[in-house]
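>>> Pasting the sequence and the predicted coordinates here, then a few questions.
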Amino acid sequence: MSGFPAALPESRVPDSQDAPVLNWGIAGPGWIAERFVESVKAHSAQNITAVGSRSASRAADFAAKHSIPAGHGSYKELAQDPNVDIVYVATPHPQHFDAAMTAIEAGKHVLVEKPMGITGEQVRIMAEAARVRNVFAAEALWTFFLPKFDVVTQLLEGGALGDIVSVFAEYGEHFEAGHRIFDPALAGGPLMDLGTYPLAFATRVLGAAESVAAIGTPHPSGVNGQLSMALGFADGAQGIVNTNLYNFTPTEAVIVGTEATLRIDGPFNMPGGFTLRHKDGRELRFEEDPGAHFEGLHFEAAAAARSIAAGLTEAPQRPLEHTLRTLELADEIRRQTGMEFPDTTTRKQTP
């Protein structure tokens, strides 16, 4: 492809049912783990063999509810289960590092929910540990594994938009009182939860940011409530990102090029459509039914299985370098806005 295409390319993402089968362990039996299990069981042939929690009763309840053969009362027990090939880490954010490292050190592959860590340092440590043990490690940022995003990637790589000059992305959502996003001890606030999506999107399209100017608004709960970021990139490209936990926003993303503009329907991070519009007014439309986690999380599991079968230790859809790029940018945003997260890099002895 060179220049504006006559038609949109087809997605190259294979059917998840055709991926090589791995035995999966689930670390952290929470809301996202339930969505992952439901999606994987419905749309793929992957085999979920165990679940682990710091609470043996929670693990047992989750295992019974989802017909999973084994429930373990610690992440260490889960990592040592001989019937587990790969651990999907779905714990609260500050526990990602410890749960993932426990699995990696036991020789298990890991797919870690976003954000992979709460600091860039944690990602660097996990990446090095995985490299030393020659195991697969990736961030489960499901957006980049969706068929829709593969089409977007082909358009970007084929030059359909010309030179990219700016990216706009935002994500806001309403949360009821008592949600974990309001808890400072759980790295609360929108940055690591909602904000990961627009930050990762902007840096996926434009590369590493060379500069950032961030402003934040405190929330009465003690976390940050809203962030706006202006990002500067090589060759003068710019990114504008906003995220908040006060209420729902369109959650759209726009990529502006010298030849065409690509506008992704909200919520841009989920299955759905987008429009490619040439500067002369021609348009191409990608149509896809909107969907949530049930329709999309299986793609990241299937991609991990294919990568491992191919001897890869990273996911091409979300390389560790890209994950680190996003977390280092988040580190700088926290520095500028005075956000403090709990230090969970020094690990305690895992039970």
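Sure thing, it's come through.
>>> Let's see stretch 37-44 as CSV, backbone CA atoms only.
Taking only C-alpha atoms (Å, rounded to 0.1, in the frame of the first residue of the first chain), the coordinates of stretch 37-44 have been written out as CSV:
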residue,chain,number,x,y,z
VAL,A,37,-12.1,-16.5,31.4
GLU,A,38,-15.5,-16.0,29.8
SER,A,39,-14.0,-14.7,26.6
VAL,A,40,-11.3,-17.3,26.3
LYS,A,41,-13.7,-20.2,27.0
ALA,A,42,-16.3,-18.9,24.5
HIS,A,43,-14.0,-17.9,21.6
SER,A,44,-10.9,-20.0,21.8
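>>> Give the buried residues for that stretch.
Counting neighbours by 16 or more other Cβ atoms under 10 Å, one finds that the buried residues in stretch 37-44 are 37, 39, 40, 41, 43, 44. Where you see a C-beta, it was placed from the backbone N, CA and C, and this is true even at glycine.
>>> ok, how many other residues are close to the closest residue to the last one other than its chain neighbours?
On the basis of Cβ to Cβ, 6 or more residues apart in numbering, the spatially nearest residue to residue 44 that is not a chain neighbour turns out to be residue 16, at 4.1 Å. Residue 16 is flanked by 23 other residues according to other Cβ atoms under 10 Å.
>>> Kindly report the same for the one 3 residues further on.
Neighbours of residue 19 under the rule other Cβ under 10 Å: 22.
>>> show me the contacts for the spatially most central residue of the chain.
Taking Cα atoms, centre = their mean, the centroid of the chain lies closest to residue 141, which sits 1.7 Å from it. For residue 141, the set of contacting residues under the criterion of Cβ atoms under 8 Å, 6 or more residues apart in numbering consists of 114, 196, 197, 200, 300, 318, 323.
>>> quick check, nearest of these to residue 129?
The shortest distance between residue 129 and any of those, using Cβ to Cβ, involves residue 323 and amounts to 14.3 Å.
>>> which SS state does that closest one fall under?
Classification of residue 323 by DSSP: H, G, I helix; E, B strand; the rest coil places it in helix.
>>> separation between the nearest residue to it once chain neighbours are set aside and residue 133?
If you skip the residues right next to it in sequence, residue 323 has residue 139 as its closest partner in space, 4.4 Å away by Cβ to Cβ, 6+ apart. Separation of residue 139 from residue 133 (Cβ to Cβ, to the nearest Å) stands at 18 Å.
>>> So which of the contacts of residue 141 belong to helices?
In helices, defined here by DSSP state H, the members of these are 196, 197, 200, 300, 323.
>>> Out of the residues you listed, which is nearest to residue 66?
Proximity to residue 66 was ranked across the ones in helices among the contacts of residue 141 by Cβ to Cβ; first place goes to residue 300, at 18.1 Å.
>>> Got the phi and psi for the nearest residue to the closest one once chain neighbours are set aside?
Leaving aside its sequence neighbours, residue 300 sits nearest to residue 145 (Cβ to Cβ, 6+ apart; 4.3 Å). The phi/psi pair for residue 145 (degrees, to the nearest 10) reads phi -100, psi -10.
>>> Can you name the residues that contact residue 145?
Contacts for residue 145 (Cβ under 8 Å, 6+ apart) come out as 13, 296, 299, 300, 303, 315, 317, 318.
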